[in-house]
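**Student:** Next come a sequence and a model predicted from it.
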Amino acid sequence: MINYTKPYPVIGDLIKNKDYDYVSYRISWKDQDIFAGYFKAENGKIISLDGDSYDLDEEVIRSEEWNNPDKGVSHGLTVVVEGSWV
């Protein structure tokens, strides 16, 4: 996992030159990362796979590229964003 420092990259920075068939979107909250959704990225665009909305300009505090051929994921990415109450 890559830990970033300020200024944090945004999701759009991480996906602009790569396609990912699965991006795990996680929220950092109270010293843990909580799964909050997933999408795929093609040509620098977010394509929701769960019906939720995701923002290209959201800051990422940690990320990791991965693959899991057994589950059909050739190019995976995990992004962790800071959690806050809205």
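**Tutor:** Happy to help now that I have it.
**Student:** Quick check, pLDDT for the residue lying closest to Ala36 once chain neighbours are set aside.
**Tutor:** Spatial nearest neighbour of Ala36, chain neighbours left out: Ile27 (4.8 Å); criterion: C-beta to C-beta, 6 or more residues apart in numbering. (C-beta placed from N, C-alpha, C; glycine too.) Looking at Ile27, its pLDDT reads 96.
**Student:** What distance do you get for Ile27 to Thr78?
**Tutor:** Between Ile27 and Thr78 the distance is 12 Å, computed by C-beta to C-beta, to the nearest Å.
**Student:** neighbour-wise, which of the two wins?
**Tutor:** The residue with more neighbours, out of Ile27 and Thr78, is Thr78; 20 against 16, by other C-beta atoms under 10 Å.
**Student:** Can you say which helix or strand has that one in it?
**Tutor:** strand 73-82 (DSSP states H and E).
**Student:** other SSEs contacting that strand?
**Tutor:** With contacts taken as 3 or more C-beta pairs under 8 Å, 6 or more residues apart in numbering; DSSP states H and E, strand 73-82 sits against helix 11-15, strand 20-29, strand 62-68.
**Student:** for the residue nearest to Ala36, what are its contacts?
**Tutor:** Asp33, Ile34, Ala36, Val80, Val81, Glu82, Gly83 (C-beta atoms under 8 Å, 6 or more residues apart in numbering).
**Student:** Please name the bridge partners of it.
**Tutor:** Ile34, Val81 (DSSP bridges).
**Student:** Report the separation between it and Tyr38.
**Tutor:** In this view, Ile27 and Tyr38 are 13 Å apart by C-beta to C-beta.
**Student:** relative to strand 20-29, how tilted is the strand holding Thr78?
**Tutor:** Put simply, strand 73-82 runs at 20 degrees to strand 20-29, going by axes from the mean of the first three to the mean of the last three C-alpha atoms, to 10 degrees.
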